[in-house]
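J.: coords please:
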Amino acid sequence: MAPRAIGLGASQITFIVVTSLATTLQVGAVSDLNFAFALLQIPLGIIGVPLGIVLLPSLSRDAAVGHETGFADLLTRALRLLVYVMVPISVLAAVSRVPIVEVLFGKGKILPEDLELIAVTLTAFLVGLTAHALIAVLARAFYARQDTVTPVVAAVAAVAINCTLAIILVGPYGLPGIALAIATAAWIEALALLVTLFRRLHHFELRGLARVGVESVVGSVVAGVIAYAVLAFLTDRLGVDPGRLVLVAELTLVGLAFAAVYAALSLVLRIPELPSIVGVMADVLRRPIRS
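T.: This next block holds a predicted model:
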């Protein structure tokens, strides 16, 4: 518990530093930063963190009985699935950042320039979305092996990098610079945990994970271009201020276009995670609704 407590305390240092830096910027910068960060937490709270929690008992069982092959296989499949899902979510959210912010925070007391700043800051945060999700699973892989020190050391180092980069980038880039610092530190922490596990776990392979990462990036970029074209077409037809319900419909159409292209490219590239996602969705739809 002691290393975990230290890690949680160290993460609060980042919060204090970035909040202090935001107070040196324009009025409302702290709120804008918090709004953008809250949007980042939505996919993490729905997918990344729950997956890590669900995996922990199975990983702990395999580690306890010395079943390293099963441990490595389960962890690899989970990481591949995370990358396959989180990379396109990042790209789609970046493409749709303006209508997303308008739907959630528009039509209120937030000024248009603040909405634009939230959208840009969110885009910078999304650079590290996949890394944050990977950390949620990788840290629990260490916990399952009764190692709470390594993830905490990585987290403390990430805090130091995060704070340093935030101080450097806040001047020229403002809030997006702070968000980019957090994203960069997250990737450094995730890569450090991956390399450490690779060295300690003999059956843990990174080549398959790297391959699905490249394929996901390629597929997401192509799908993102199509989604951006669809969004531009709809925005041109619907006007500047179409209303919240129309924006929701617009986001739905853009999301469907993105998903269709990404799924088609996954079939062409034969990415094995696509059938897994389809199976999970089919299982959810088959479950009876509890009253």
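
J.: and the helix or strand hosting R237, average pLDDT?
T.: For R237, the element it lies in under DSSP states H and E is helix 207-238. In this model, helix 207-238 carries a mean pLDDT of 92.

J.: what's the offset of the helix or strand that that helix is followed by from the middle of its chain?
T.: Using DSSP H and E, the helix or strand that follows helix 207-238 towards the C-terminus is helix 244-269. Taking Cα atoms, centre = their mean, to the nearest Å, the mean C-alpha location of helix 244-269 is offset from the chain mean by 18 Å.

J.: if we can go back for a sec, which other helices and strands contact the helix holding R237?
T.: Packing contacts for helix 207-238, counted by 3 or more Cβ pairs under 8 Å, 6 or more residues apart in numbering; DSSP states H and E, involve helix 68-95, helix 244-269. No exception for glycine: its C-beta is placed from N, CA and C like everyone else's.

J.: taking the ones you listed together, which one is wrapped up most tightly?
T.: helix 68-95 (a mean of 21; mean count of other Cβ atoms under 10 Å).

J.: can you list the weak-confidence ranges in the stretch 1-150 of the chain?
T.: The stretch 1-150 of the chain contains residues with pLDDT under 70 at 3-4, 7.

J.: Any chance you could list what contacts the helix or strand containing I161?
T.: Assigned by DSSP H and E, I161 falls within helix 149-173. Defining contact as Cβ atoms under 8 Å, 6 or more residues apart in numbering, one finds that helix 149-173 is touched by 3-4, 6-7, 10-11, 13-14, 17-18, 21, 24-25, 138-139, 142-143, 177-178, 180-182, 184-186, 188-189, 192-193, 196.

J.: go again using 7 Å as the cut-off
T.: Contacts of helix 149-173 with the rest of the structure, by Cβ atoms under 7 Å, 6 or more residues apart in numbering, involve 3-4, 6-7, 10-11, 13-14, 17-18, 21, 139, 142, 177-178, 180-182, 184-186, 188-189, 192-193, 196.

J.: Next: stretch 210-219.
T.: Identification of contacts with stretch 210-219 by Cβ under 7 Å, 6+ apart yields R80, V83, Y84, V87, P88, Y262, L265, S266, L269, I271, E273.

J.: can you put those in JSON lines and add distance to I42?
T.: As requested, these are exported to JSON lines (distance: Cβ to Cβ, whole Å):
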{"residue": "R80", "distance to I42": "22"}
{"residue": "V83", "distance to I42": "18"}
{"residue": "Y84", "distance to I42": "18"}
{"residue": "V87", "distance to I42": "16"}
{"residue": "P88", "distance to I42": "15"}
{"residue": "Y262", "distance to I42": "19"}
{"residue": "L265", "distance to I42": "25"}
{"residue": "S266", "distance to I42": "23"}
{"residue": "L269", "distance to I42": "28"}
{"residue": "I271", "distance to I42": "24"}
{"residue": "E273", "distance to I42": "21"}
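
J.: Geometric centre of the chain: which residue is closest?
T.: Central residue of the chain (Cα atoms, centre = their mean): L129, 2.2 Å from the mean position.

J.: What residue, apart from its backbone neighbours, is nearest that residue spatially?
T.: Nearest residue to L129 in three dimensions, chain neighbours excluded: S90, at 4.5 Å (Cβ to Cβ, 6 or more residues apart in numbering).
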